[in-house]
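Just the structure for this:
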Amino acid sequence: MPGNLRAINEHKKYASLVRLWMSERYTLRYTGAMVAEVNYLLTKGGGIFSNVSSATSKAKLRLLYECAPIALIIETAGGKTVHEGDDKSVLDVQVDILDRRCGLAMGSALEVDLFRKVFF
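Numbers count the residues shown, from 1 in each chain. Model prediction:
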């Protein structure tokens, strides 16, 4: 479930990851609603949700109110999360501003490990 696909124009690693998903015949659904996407991941039992930013396509998801609570659910269910710039769990990102936005990937451990391999 790749979000913010405008970022692939400037973010080569994200573009290569999306191409990889397409070549592997992934279903690249994206509704624009993170909660609905994560619900699908949890009921399906696998997959990945990503929302990566770039210089002109900034991150929209708020760390404190959206990313961290959903990351807690994902990690409690046995999945993994990763912040796009730090190669660490979203739950380990410091909340320094109440409205801090972040790019991330979350989902099954296998898929997030692949994301990490391409990004870092």
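
how about the residue most central in space within the chain, secondary structure?
In the chain, the residue lying closest to the centroid (CA atoms, centre = their mean) is Ala105, at 2.0 Å. With DSSP: H, G, I helix; E, B strand; the rest coil as the basis, Ala105 sits in strand.

And for Val82?
strand.

who's in contact with it?
Residues in contact with Val82 (CB atoms under 8 Å, 6 or more residues apart in numbering) are 88-90, 104-106, 112, 115-116, 119. Bear in mind the C-beta positions are built from the backbone N, C-alpha and C, glycine included.

again, only using 10 Å
Counting by CB atoms under 10 Å, 6 or more residues apart in numbering, Val82 touches 50, 71, 88-90, 92, 103-107, 112-113, 115-116, 119-120.

correct me, but the residue nearest to the centre of the chain touches Gly85?
No: using CB atoms under 10 Å, Ala105 is not in contact with Gly85; the gap is 11.6 Å.

intersection of neighbour lists for those two?
Common neighbours of Ala105 and Gly85 (CB under 10 Å, 6+ apart) are 52, 119.

before we move on, back to that, tell me which of the contacts of Val82 fall in strands.
50, 104-107 (DSSP state E).

And the furthest pair within these?
The most widely separated members of the ones in strands among the contacts of Val82, counting by CB to CB, are Leu104 and Gly107 (10.2 Å).

Look at the two and report which has more neighbours.
Neighbours of Leu104 and Gly107, each counted by other CB atoms under 10 Å, are more numerous for Leu104; the result is 29 against 25.

Looks like the more buried one contacts Val52 (just checking).
Yes: counting by CB under 10 Å, Leu104 does reach Val52; the two are 7.9 Å apart.

Pull up the overlap in contacts between those two.
Common neighbours of Leu104 and Val52, using CB under 10 Å, 6+ apart, are 3, 59, 84-85, 115.

Of all those residues, the one with the weakest confidence?
Of all those, Gly3 carries the smallest pLDDT score, 78.

What degree of burial does the closest residue to it other than its chain neighbours show, as a neighbour count?
Distances taken as CB to CB, 6 or more residues apart in numbering put Asn51 closest to Gly3, at 3.7 Å, once the chain neighbours are dropped. As a burial measure, Asn51 scores 25 neighbours (other CB under 10 Å).
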